[in-house]
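Engineer: below are the sequence and a predicted model; questions follow.
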Amino acid sequence: MDPLTSVLIVDDEPAVLDLMSRWVTSLGLRAQTASNATEALASLRRQHYDLAVIDVMMPGHDGLWLANEMQREHPQTAVIVSTAYTELLSRDSQHTPIADFLIKPFKRERFALAVDRGRQWRELALEEVHRHAMLSLELRDRTAQLVQALHQRVAAGASEADALATLCLERMPEVAGHGERVSRYAHAVARELDVERALRPELEIAARFHDVGKLAMPEALITKPSPLTRGEAAIMRRHVDIGAEILESTRSLSSAASAVRASHEWFQGGGYPMKAAGTAIPFVSRLIAIADAYDAMTQDRSYRMRLDSSDAVAEILRCSPEQFDPEIVAAFIAVLGRH
């Protein structure tokens, strides 16, 4: 594990910078200083720091803003927040991973304890990075194995659609069942909009196999009983890219790959993986998004009970037009109303 060696101190008071720099040096670490958030980010872009000690009240952007920026741009740098204004800590600080809080005035012994907590935080962060790297490698291996198994079944005489459907049913029957239900919903809505004929066969393939990428997800993520970490969720979101990749490896199913890849985009942006919006999202993907959400909400999951149809519809309406295409939502509700 990499040792903690460098500390960036960010404070607008020269005397505080000088004192903490001497404390850092006395702990056998290398100190660097910055007097504001802009200067700190510029220093971070030039070189890496293992730990940053940040004052909250500074001219320009405050320390909590800087802590958020560092979480986004330098997530392996441990952050210690220093302030005399404790009421400010209930604001953004609760949403930013922070190793420790120093309440001014504080003594050297308390500062040394905060640095040690920063070291422990960074060790855990680096372990998490390593674990995510291992999960990503496992995801690539499982994807390659899945594509190979698909091609072997096709070589034995199965159609590509039947071979992939059988793999789904064998490995994740809940994904297979979900895909069938989403396909039925999507086709019904397409008929309501009088576009079903134009969208075949792309709609059939994309709706049925929109979650096929989950077959390649590491078992540790699929079966994890507790909520996923931010890094684990990022890996799980790659299932749309993996699903598209699996379809692209075939001859007869590849036309639906782009629709699968965009099936978790949001109508006003903010989805994944490309943050596409509006008509930049394929129409088939916008159909699948609503059918997928409705079916997911109305089925029991290990972590929650299913919703009644009326509650699921209310949630879809609440998320329209931010997440869902309002035109397709109206058609979907019309279909549900007749059944």
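Structural biologist: Everything's here; your move. Numbers count the residues shown, from 1 in each chain.
Engineer: model confidence over stretch 241-251, on average?
Structural biologist: Stretch 241-251 shows a mean pLDDT of 98.
Engineer: buried residues of it, list them for me.
Structural biologist: 241-250 (16 or more other CB atoms under 10 Å). Using the backbone N, CA and C atoms, a C-beta is placed for each residue, glycine as well.
Engineer: wait, what's in contact with residue 32?
Structural biologist: Shown in contact with residue 32 (CB atoms under 8 Å, 6 or more residues apart in numbering): 6-9, 43, 49.
Engineer: of those, which belong to strands?
Structural biologist: Secondary structure from DSSP state E places 6-9 of those in strands.
Engineer: can you pull the contacts of the nearest residue to residue 43 once chain neighbours are set aside?
Structural biologist: Using CB to CB, 6 or more residues apart in numbering and skipping the chain neighbours, the partner closest in space to residue 43 is residue 34 (5.4 Å). Applying CB under 8 Å, 6+ apart to residue 34 gives the contacts 8-10, 40, 42-43.
Engineer: try 6 Å this time
Structural biologist: 10, 40, 43 (CB atoms under 6 Å, 6 or more residues apart in numbering).
Engineer: thought the second one was touching residue 10?
Structural biologist: Yes: between residue 40 and residue 10 a contact is recorded at 4.5 Å, counting by CB atoms under 6 Å.
Engineer: highest neighbour count among the contacts of residue 34?
Structural biologist: In terms of neighbour count, residue 10 stands highest of the contacts of residue 34 at 28 neighbours, by other CB atoms under 10 Å.
Engineer: and residue 161, how far is that from residue 241?
Structural biologist: 21 Å (CB to CB, to the nearest Å).
Engineer: my read is that residue 76 contacts residue 125, right?
Structural biologist: Yes: here residue 76 reaches residue 125: they are 5.3 Å apart, a contact under CB under 6 Å.
Engineer: overlap in contacts of the two?
Structural biologist: Counting by CB under 6 Å, 6+ apart, nothing touches both residue 76 and residue 125.
Engineer: just to revisit the earlier point, tell me which of the buried residues of stretch 241-251 fall in helices.
Structural biologist: 241-248 (DSSP state H).
Engineer: which one is residue 11 nearest to, not counting chain neighbours?
Structural biologist: Counting by CB to CB, 6+ apart, the residue nearest residue 11 is residue 55, at 4.1 Å.
Engineer: neighbours around the one you found, how many?
Structural biologist: So residue 55, with other CB under 10 Å, has 26 neighbours.
Engineer: cool, and the one 4 residues further on?
Structural biologist: For residue 59, the count of nearby residues is 10 (other CB under 10 Å).
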